[in-house]
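J.: below: sequence and its predicted model.
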Amino acid sequence: MSTLSTNITADAESPLPTVLVVEDEVLIRLVIADYLRECGYRVHEAVNAEEAVAILQSPEVSVHVVFSDVEMPGSMDGFGLARWVRSNKPGTEVILTSGAERSADIAATLCEAGPLLKKPYPSKDVVDRIKQLTFKARRS
Amino acid sequence: MSAASVTVLPRRTPPTILVAEVDVRVRCLVSDELRGSGFKVLEAGSSQETLTVIDAVRVDLLFIALDLPGAQSGLETAHLAGARQKPMRIIVASADGEIDPGGLGPLVRKPYPASQVVGLVMSSLNWPEPA
């Protein structure tokens, strides 16, 4: 077992982070949010980037990881949301996902986790990515 | 099947609630409160999302705000959802306390405390069942 996976396992005893799932396709959002809750995460849901910003600005809600689609209706897409998070919530990690072929370089400048998580993605990959991000955040 | 052959088994899984509300902060708070009480909660932010979920997932209770955006009004959406999925309880929320939900189910007047919704959902579904 690698050092990283050993530490992630040990770190699992800490409270799991809160994840904000941003996805305009309701059935995809439902499935991934449900899976993350089954894994023990506290999950909030947003239909688009505007809703995500409203939740992130809400004093009652604390979000550690934003998991967002790139292509969304409205004035802000996933890249715009990632830029907003970076500017306004610097402690919050971002994972972007896309079904379209987009530049991984753009995503890498916005997401600590690097390239886009390409749709369709296995639900477990999302959990692994969240664990990597929160582990890195706790170390830094 | 005769009525005598029907056996009602105790519910092993928590009921599924669909919260249909356009205001994301309200939707988030109500959904969180319901999850905290043990319900499985799905969320929809428009009439289209509500009907998509209703067509795909078994829902025990629909909590729907009548100011939902979309091609159908909130009231039309509630009626359509009720017709597509039976049996399903419905609770409607509206800022207009005079509105007639037309036999859909109880009306909660906006703004409402999330705890009021939880209490109403519990009594509508009789869940958790008394020991």
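T.: Structure's in. What do you need? Residues are numbered from 1 along each chain as shown, chains lettered A, B, ... in the order given.
J.: confirm A:I95 sits in a strand?
T.: Yes: assessed by DSSP: H, G, I helix; E, B strand; the rest coil, A:I95 belongs to a strand.
J.: wait, it touches A:R129, no?
T.: Yes: between A:I95 and A:R129 there is a contact under C-beta atoms under 8 Å: 5.3 Å. C-beta here means a position set from N, CA and C on the backbone, and glycine is covered the same way.
J.: how about the helices in chain A?
T.: A:3-11, A:26-38, A:49-57, A:78-88, A:104-110, A:123-139 (DSSP state H).
J.: of all those helices, which lies closest to A:H64?
T.: Closest approach to A:H64 among the helices of chain A (C-beta to C-beta): helix A:123-139, 6.4 Å.
J.: the closest one to helix A:26-38, inter-axis angle?
T.: Angle between the axes of helix A:123-139 and helix A:26-38 is 60 degrees (criterion: axes from the mean of the first three to the mean of the last three C-alpha atoms, to 10 degrees).
J.: any idea how far helix A:123-139 is from the middle of the chain?
T.: The chain centre lies 9 Å from the centre of helix A:123-139; the measure is C-alpha atoms, centre = their mean, to the nearest Å.
J.: which helices and strands does that helix pack with?
T.: helix A:3-11, helix A:26-38, strand A:65-69, strand A:93-98, strand A:117-118 (3 or more C-beta pairs under 8 Å, 6 or more residues apart in numbering or on different chains; DSSP states H and E).
J.: so for A:I95 and A:R129, which residue has more residues nearby?
T.: Neighbour totals were compared for A:I95 and A:R129, and A:I95 leads with 25 against 21 (other C-beta atoms under 10 Å in any protein chain shown).
J.: measure that one to B:G103 for me?
T.: As for A:I95, its distance to B:G103 is 45 Å (criterion: C-beta to C-beta, to the nearest Å).
J.: same deal with A:R29?
T.: 31 Å.
J.: who has more neighbours out of the two?
T.: Neighbour count, other C-beta under 10 Å: between A:R29 and B:G103, A:R29 has more, with 25 against 8.
J.: would you agree that one is in contact with A:E23?
T.: Yes: between A:R29 and A:E23 there is a contact at 3.9 Å, judged by C-beta under 8 Å.
J.: now do the shared contacts for the two.
T.: Shared contacts of A:R29 and A:E23 (C-beta atoms under 8 Å, 6 or more residues apart in numbering or on different chains): A:E45, A:V47.
J.: circling back: make TSV from the helices of chain A and add mean pLDDT to it.
T.: Formatted as TSV, these follow (pLDDT from 0 to 100):
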stretch	mean pLDDT
helix A:3-11	37
helix A:26-38	93
helix A:49-57	97
helix A:78-88	95
helix A:104-110	54
helix A:123-139	81
